[in-house]
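[1] Here is my input; please provide its structure:
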Amino acid sequence: MNKAMQSIWDMKLIVSAYCRVSTDADDQINSLESQIKYYTDIINSCPNWTLGRVYYDEGISGTSIKKREEFTELIEDALSGKIEFILTKEVSRFARNTVDTLVYTRLLKAKGIGVFFALDNINTLDTDGEFRLTIMASIAQEESRKTSERVKWGHTRRMEAGVVFGHDLLGYSIKDGRITVKPEEAEIVRMLFDKYLEGEGTYVLARMLRNMGAKSRHSTSWAASTVAKLLRNEKYIGHLRQRKTVVTDYLTHHRKYNRDLESTVFIENNHEAIIDQDTWDKVQAELARRSNSKKLKNRQTNRYWCSGKMVCGECGKSFRRSSKTNPNVKDYRCYANSAYGRKKIVEATGQEIGCDNVALNDVALAHCIREAINFIKLNKPQLLDDCLTEIKLTQAAAEKIDTGQLETKITEISSLKSKAIDLVLRGLISDEDLKTQTRYYEAEIDKIVAQITTAKRNNNALEHQQNDIKKFTEELNKILQCDGDDTELYKEILDKFIIFSSKTLIVYLLHMPFGLKFKYKMTGKRNTYRALTLSMEVVPHYKDEPVIKSEIASNSPDTTLIAEDTDLPA
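    You can find the predicted model right below:
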């Protein structure tokens with residue numbers, strides 16, 4: 001052991017060890033047991049050390065710590081004071097991700113906890129420990145990348161040879177790279193295809209499978225989406241398409257559906273089919289027809305200018321078109337009220353359902369947005385003045401900072417750092433001089449990185465603010481051009497309606513820094529059905545910090561309006 005390690009050896013410490021193997025193979029398990037015994041013996045043999053615990057993960061890749069439960073527990077125990085020093089075999093056992101390695105060793109070092117990598121002879125408490133650790137961690141990460149590419153290449157060649165990867169699915173068994181039919185389950189698959197052609201939907205078919213007790217590949221029960229995937233699976237006509245999903249990052253093992261990310265491997269007539277080609281073609285055509293029908297239905301639900309923009313102020317649910325309409329108006333009702341009626345408690349579960357909000361119609365909605373537009377037109381001068389004031393304040397407060405020069409400085413310092421290492425190798429400066437220079441260069445780089453981070457954050461904030469101001473002026477001009485009942489324009493400028501009971505609602509227009517709260521009354525019948533404003537007031541925006549801080553609410557004499565109409569009560 002080196003000198004720094006010897007001083008650690010002489011200190012009274014609670015010491016733990018971390019071991020890991022990447023597969024469940026017998027030889028790997030034997031290796032794990034040997035590692036555990038080795039570190040237990042080492043810690044127990046030192047009179048100044050107290051054995052904390054030996055942590056280990058088995059059969060888990062080292063490229064990410066997300067699924068390494070023992071590793072996570074090790075870090076938590078160390079940070080909570082249960083461990084004072086950690087032993088491990090090598091950097092590649094600790095983590096093959098350079099970022100993870102440095103993040104966790106720095107986190108531990110900040111608490112005075114060191115990590116000793118035995119084979120690499122690195123103690124993170126040494127002054128040059130992090131420098132050496134960075135090099136070894138980078139090597140380990142590069143090795144993981146090469147291993148990932150080799151494995152992927154090998155899988156591709158085996159796929160092209162017809163070897164099947166994956167799990168059993170309804171109707172088929174996959175074992176040793178071969179796919180074979182399960183006769184009993186094959187009958188269920190044929191039944192599903194036939195029933196779908198007879199008109200049954202995927203939801204009904206999923207319920208049938210649940211009632212039959214058919215086993216799903218996943219732990220969850222059958223769902224409509226699962227049945228839809230089954231009906232589209234080309235394995236049922238004997239074809240094999242593999243690499244439908246791909247790992248996009250060898251470090252995180254994040255997997256995505258392969259939508260033209262990589263080429264798939266497709267083999268026709270690879271195995272025994274369960275479904276004949278004619279039935280398959282008819283089912284695919286029916287799936288496409290129903291899918292187009294659903295898209296049309298979705299378009300229909302968004303055909304109204306206020307669709308998707310109405311929120312219940314009582315329960316938070318959305319308002320939807322009600323089927324109870326008269327020929328002259330379109331009614332909308334809170335989903336919770338429409339589905340469950342008035343608010344109540346379900347005795348069996350104690351769950352609260354329903355809502356006390358009432359229906360409203362598009363006459364009231366159109367009236368309130370017209371009133372909001374008129375209000376903005378009347379207050380146009382002040383709103384524009386607020387906008388110009390905000391622009392001046394924004395320009396005076398900060399200018400966009402060019403971070404290019406700062407980044408060039410980092411490059412220059414990094415170059416000096418590399419040259420210092422060359423000087424050591426050539427024997428022109430000592431190791432101690434290198435350590436001193438390295439600390440200086442790293443401190444300078446940290447300062448510049450902090451400046452760049454602050455500059456970028458301020459630049460982004462400034463850019464967002466300027467964009468918001470631009471959007472505000474554009475939206476204001478759009479509203480000023482509105483004349484009469486232009487529902488297409490209503491759709492463009494409306495942000496949200498929040499609808500309360502007692503004929504009260506708030507209108508929020510896009511990029512306006514406030515909302516307008518209306519109390520209204522409905523009068524007339526059939527063709528004379530109309531809404532009248534009882535009162536209106538300016539209210540704060542529902543978002544946290546609007547850009548244009550308008551003062552209309554405090555200085556306008558018209559923030560409360562009483563409708564002049566003989567139908568209204570005195």
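[2] and the helix or strand hosting residue 408, how far from the chain's centre?
    Element membership for residue 408, per DSSP states H and E: helix 404-425. Remark: helix 404-425 is offset 37 Å from the chain centroid, using C-alpha atoms, centre = their mean, to the nearest Å.
[3] what's the answer for stretch 357-370, then?
    Centroid displacement of stretch 357-370 relative to its chain, using C-alpha atoms, centre = their mean, is 36 Å.
[4] Can you work out which other helices and strands pack against the helix holding residue 408?
    Judged by 3 or more C-beta pairs under 8 Å, 6 or more residues apart in numbering; DSSP states H and E, helix 404-425 is in contact with helix 431-480. For every residue, glycine as well, the C-beta is placed using N, CA and C.
[5] any idea of the mean pLDDT in the helix it packs on?
    Computed over helix 431-480, the mean pLDDT rounds to 73.
[6] Show me what secondary structure element comes after it.
    helix 487-493.
[7] buried sites along the helix or strand following that following helix?
    Next helix or strand after helix 487-493 toward the C-terminus (DSSP H and E): strand 494-500. By 16 or more other C-beta atoms under 10 Å, the buried positions in strand 494-500 come out as 494-499.
[8] Parallel or antiparallel, list what pairs with strand 494-500.
    With DSSP bridges as the test, strand 494-500 is paired with strand 310-312 (parallel), strand 504-509 (antiparallel).
[9] Kindly export that strand (C-alpha atoms) in PDB.
    Taking C-alpha atoms only, strand 494-500 is exported to PDB below (Å, rounded to 0.1, in the frame of the first residue of the first chain):
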ATOM      1  CA  LEU A 494     -58.300  31.600 -25.900                       C
ATOM      2  CA  ASP A 495     -56.000  30.000 -23.300                       C
ATOM      3  CA  LYS A 496     -58.500  28.700 -20.700                       C
ATOM      4  CA  PHE A 497     -62.000  29.100 -19.200                       C
ATOM      5  CA  ILE A 498     -62.300  28.200 -15.500                       C
ATOM      6  CA  ILE A 499     -65.900  27.600 -14.800                       C
ATOM      7  CA  PHE A 500     -67.500  27.900 -11.400                       C
END
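[10] Output the helix holding residue 408 in CSV, but only the C-alpha positions, please.
    Output of helix 404-425 as CSV, limited to C-alpha atoms (Å, rounded to 0.1, in the frame of the first residue of the first chain):
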residue,chain,number,x,y,z
GLY,A,404,-17.6,31.9,-26.5
GLN,A,405,-14.7,33.8,-25.0
LEU,A,406,-15.1,32.1,-21.6
GLU,A,407,-15.2,28.7,-23.4
THR,A,408,-12.0,29.6,-25.2
LYS,A,409,-10.3,30.3,-21.9
ILE,A,410,-11.3,26.8,-20.7
THR,A,411,-9.7,25.3,-23.8
GLU,A,412,-6.5,27.3,-23.2
ILE,A,413,-6.3,26.3,-19.6
SER,A,414,-6.9,22.7,-20.5
SER,A,415,-4.1,22.9,-23.0
LEU,A,416,-1.7,24.3,-20.3
LYS,A,417,-2.8,21.4,-18.0
SER,A,418,-1.9,18.9,-20.7
LYS,A,419,1.5,20.5,-21.2
ALA,A,420,2.2,20.3,-17.5
ILE,A,421,1.7,16.5,-17.7
ASP,A,422,4.1,16.4,-20.6
LEU,A,423,6.7,18.3,-18.6
VAL,A,424,6.4,15.7,-15.8
LEU,A,425,6.9,12.9,-18.3
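[11] what bits of the stretch 51-200 of the chain have low per-residue confidence?
    Along the stretch 51-200 of the chain, segments meeting pLDDT under 70 span 59-67, 95-99, 136-144, 147-148, 152, 154-156.
[12] in it, which spans are helices?
    Using DSSP state H, counting those that start in this stretch, the helices of the stretch 51-200 of the chain run over 69-79, 91-94, 98-110, 129-160, 183-197.
[13] Give me the buried positions along the third one.
    Looking back up the chat, that one is helix 98-110. Neighbour-count burial for helix 98-110 [16+ other C-beta under 10 Å]: 98, 100-102, 104-105, 108.
[14] ok, those residues vs residue 70, which is closest?
    The closest of the buried residues of helix 98-110 to residue 70 turns out to be residue 104 (C-beta to C-beta; 13.6 Å).
[15] residues near the closest residue to the closest one other than its chain neighbours, how many?
    Closest residue to residue 104 apart from its sequence neighbours, by C-beta to C-beta, 6 or more residues apart in numbering: residue 75 at 6.0 Å. For residue 75, the number of neighbouring residues by other C-beta atoms under 10 Å comes to 19.
[16] Distance-wise, check residue 75 relative to residue 267.
    For residue 75, the distance to residue 267 equals 46 Å [C-beta to C-beta, to the nearest Å].
[17] what's the answer for residue 369, then?
    59 Å.
[18] Comparing those two, which residue is more hemmed in?
    Set residue 369 next to residue 267 and count neighbours by other C-beta under 10 Å: residue 369 wins out with 25 against 16.
[19] show me the residues around the more buried one that make contact.
    By C-beta atoms under 8 Å, 6 or more residues apart in numbering, the residues touching residue 369 are 490, 494, 507, 509.
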